[in-house]
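Chemist: Could you look at this predicted model? Sequence included:
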Amino acid sequence: QSTVKEATYELLRQNGLTTIFGNPGSNELPFLGEMPEDFRYVLGLHEGVVMGIADGYAQASGQAAFVNLHAASGTGNAMGALTNAWYSHTPLVISAGQQVRSTIGMETMLANVDAPLLPLPLVKYSAEPAAPTDVPRALGQAIHTANQNPKGPTYVSIPYDDWDVEAGPVSEHVADRMVQAAGAPTASQLQHLIATLSSANSPVLVLGPDVDAARANTDAVTLAEELSLPVWVAPSAPRCPFPTGHTNFRGVLPASMDGISALLDGHDLIVVIGAPVFRYHQHEPGDLLPAGSRLLHITCDPAEAARAPMGDALVADIAEVLRLLATEMPAAGRPPLSRRVIPSAPQSVGEALAPETVFDVINAVAPEDAVFVNEATSTVGALWDRVEMRHPGSYFFPASGGLGFGMPAAVGVQLACPDRRVIGIIGDGSANYGITALWTAARERIPTVFIILNNGTYGALRAFATLLECGETPGLDVPGIDFCALARGYGVAATRAPTPETLEEELTTALQSSSPTVIEVFTTTISPF
Ligand SMILES: Cc1ncc(Cn2c(C)c(CCOP(=O)(O)OP(=O)(O)O)sc2=O)c(N)n1
Ligand SMILES: [Ca+2]
């Protein structure tokens, strides 16, 4: 007869969840003790870092990731990271240790009171099983819920005296289950899509993160070329769904109603695939759609379809829809488009390099299949303009803008993709939210390269303070942080690059190293608007 612990490890093994991303407390030790040989534990020094590493790992691998956190305090520390994982549809199975079952009501030390309420609304499923024998089945429900479209985080709180209880007959079936979903459009839905696209005079394609998550980028290219139409990336982009050097690529839409309508004016059909409609950020009220335009939304998420303020929507499997459109769409016969022109970089000022210059150097040195994890918030547009991204899984940004994702996710992505080089591009402000990820990178010998853009300020907030006409605003400067000293303190080699030439040398060296590196660059501050 298996124990709950043995049944749980077998369930995790059968579902490929043999890496545990975690930070332990006493509640978790009975589960972790004597961990089976075929499991790996990746320790993060703060639960936000644990979640960021797991999020990056899951998004880059395309598989769910298993997380083990400490009770309420560990879950609370993870909530910021959950805001990102929720909106990036990241499949995470989060377990949290709970006090001994019979003492929870007394609110003993480390009791996670009303545990399933704590992570809401940022998980798809949240439970504390009513009996020890239900733990394996509840974890199975968490795994299969996390993996169903729209994928997302799930949470199970487990009292630590459950583990050595006999699992009982139910658990024998739980590990063997396979849960799959269909999602192709019906023949008539497909025909309607094709007819709508064919009859449009000037259609435009807007692609979102779920196209990249479905690895459907190549089918999106085929469709764009068949229709010879411009391709934009949906605003507040957490992933890159289309090769940015393609002649049809036009950039990332601004995250404002007025900005989007102005840019798409003249297109009689706007087709949005794999993104919410839309993730506005700066509030610039305007027409939701340009005059004479209609919007067609294709999403894997019923909630995205239901809450959109305009357009028609089809909920379906993104990979299937794009595969069918790429193969069935007749050519539109329109002339081919020409590649957009990017202006040259401005002059650098003394030791502070223009971010555009930094990105031009990164673009020149990085391998053609490099992966960029970005968390420098005032230079997002400049990065998209100057750093070419060619393949699926080439770009990750916190999907809710919740900082503390960048450095941990850059570790998780590199762990998931040992054959590609991962470059974290991190603002000096953002770096502080997840900087202990450097310790995990050093200890696990994960060779992420972190480039820290140090402009001594929260640049994006300075721009927002101006946009929102806030006047003089406190709390926007972060001067005097020595990231090289901090990096070395966590065991990571670090160097400063005062010129484009030294940045080129240092980045080339770092990309050949088998251990992580921090490169600090002083930059000027630019506005994202
Ligand atoms: C967890 C968390 N805290 C605070 C913020 C607010 N915030 C902050 C603090 C930003 C500035 C980040 O500064 P940076 O140095 O990383 O990058 P830039 O200087 O390029 O803006 S952007 C932004 O939305 C946030 N998004 N997430
Ligand atoms: Ca900054």
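Modeler: Structure received. Since the structure is predicted, the reported quantities are computational estimates derived from the model, not experimental observations. Ligands and ions are numbered 1, 2, ... in the order given.
Chemist: just checking, residue 28 is part of a helix?
Modeler: Yes. Counting by DSSP: H, G, I helix; E, B strand; the rest coil, residue 28 is part of a helix.
Chemist: and the closest residue to it other than its chain neighbours, what pLDDT?
Modeler: Distance criterion Cβ to Cβ, 6 or more residues apart in numbering; nearest residue to residue 28, sequence neighbours excluded, is residue 97 at 3.9 Å. For glycine as for every other residue, the C-beta is placed from the backbone atoms N, C-alpha and C. For residue 97, the pLDDT comes out at 98.
Chemist: element containing residue 97, please.
Modeler: Assigned by DSSP states H and E, residue 97 belongs to strand 92-98.
Chemist: need the strands for the stretch 401-529 of the chain, in chain order.
Modeler: Using DSSP state E, counting those that start in this stretch, the strands of the stretch 401-529 of the chain run over 422-427, 449-454, 493-496, 517-522.
Chemist: Give me the distance between the two termini of stretch 507-522.
Modeler: 15 Å (Cα to Cα, to the nearest Å).
Chemist: what's next to it, contact-wise?
Modeler: Residues outside stretch 507-522 that contact it (Cβ atoms under 8 Å, 6 or more residues apart in numbering): 351-353, 358, 361-362, 365-367, 411, 421, 423, 438, 441-442, 445-455, 483-484, 487, 492-498, 503, 506.
Chemist: avg pLDDT for it?
Modeler: The model assigns stretch 507-522 a mean pLDDT of 98.
Chemist: Please name the spatially closest residue to residue 69 (chain neighbours excluded).
Modeler: Closest residue to residue 69 apart from its sequence neighbours, by Cβ to Cβ, 6+ apart: residue 96 at 4.7 Å.
Chemist: Now that that neighbour has come up, it's in contact with residue 158, right?
Modeler: Yes. Using Cβ atoms under 8 Å, residue 96 is in contact with residue 158, at 7.3 Å.
Chemist: which residues does residue 45 contact?
Modeler: By Cβ under 8 Å, 6+ apart, the contact list for residue 45 reads 23, 436, 439-440.
Chemist: residues contacting the residue lying closest to residue 463 once chain neighbours are set aside?
Modeler: Counting by Cβ to Cβ, 6+ apart, residue 463 lies nearest to residue 527, which is 4.2 Å off, once chain neighbours are set aside. Residue 527 makes contacts with 378, 459, 462-463, 466, as judged by Cβ under 8 Å, 6+ apart.
Chemist: can I get those in JSON lines with pLDDT?
Modeler: Output for those, formatted as JSON lines (pLDDT from 0 to 100):
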{"residue": "378", "pLDDT": "98"}
{"residue": "459", "pLDDT": "98"}
{"residue": "462", "pLDDT": "97"}
{"residue": "463", "pLDDT": "97"}
{"residue": "466", "pLDDT": "95"}
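Chemist: which of the residues you listed are close to ligand 1?
Modeler: With Cβ under 6 Å from any ligand atom as the criterion, the contacts of residue 527 include 378, 459 near ligand 1.
Chemist: Make CSV out of the contacts of residue 527 and add distance to residue 292.
Modeler: Listed next are the contacts of residue 527 as CSV, based on distance: Cβ to Cβ, whole Å:
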residue, distance to residue 292
378, 35
459, 38
462, 38
463, 33
466, 34
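Chemist: returning to what we had before: if any of the contacts of stretch 507-522 are buried, put those into a PyMOL selection.
Modeler: Selection of buried members from these for PyMOL, criterion 16 or more other Cβ atoms under 10 Å:
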select buried, resi 352+353+358+361+362+365+366+411+421+423+438+441+442+446+447+448+449+450+451+452+453+454+455+483+484+487+492+493+494+495+496+497+503+506
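Chemist: picking up where we left off before, from ligand 1, how far out is the residue nearest to residue 463?
Modeler: With distances taken as Cβ to the nearest ligand atom, to the nearest Å, residue 527 is found 10 Å from ligand 1.
Chemist: Please apply the same query to residue 362.
Modeler: Taking Cβ to the nearest ligand atom, one finds residue 362 at 15 Å from ligand 1.
Chemist: quick one, phi/psi of residue 331?
Modeler: Torsion angles at residue 331 (phi, psi; degrees, to the nearest 10) stand at phi -60, psi 140.
Chemist: what's around it, how many residues?
Modeler: Using other Cβ atoms under 10 Å, residue 331 has 10 neighbouring residues.
Chemist: can you check residue 213 too?
Modeler: Residue 213 has 26 nearby residues by other Cβ under 10 Å.
Chemist: again with residue 222
Modeler: Counted with other Cβ under 10 Å, residues neighbouring residue 222 total 15.
Chemist: just the one 10 residues further on next, same as before
Modeler: The local packing count at residue 232 equals 24, with neighbours defined by other Cβ under 10 Å.
Chemist: helix, strand or coil for it?
Modeler: Put simply, residue 232 is strand when judged by three-state DSSP.
Chemist: need the contact list for residue 413.
Modeler: Applying Cβ under 8 Å, 6+ apart to residue 413 gives the contacts 56-57, 59-60, 371, 373, 396, 422, 448.
Chemist: closest point of the stretch 101-250 of the chain to ligand 2, which residue?
Modeler: At 18.7 Å from ligand 2, residue 236 is the closest residue in the stretch 101-250 of the chain, using Cβ to the ion.
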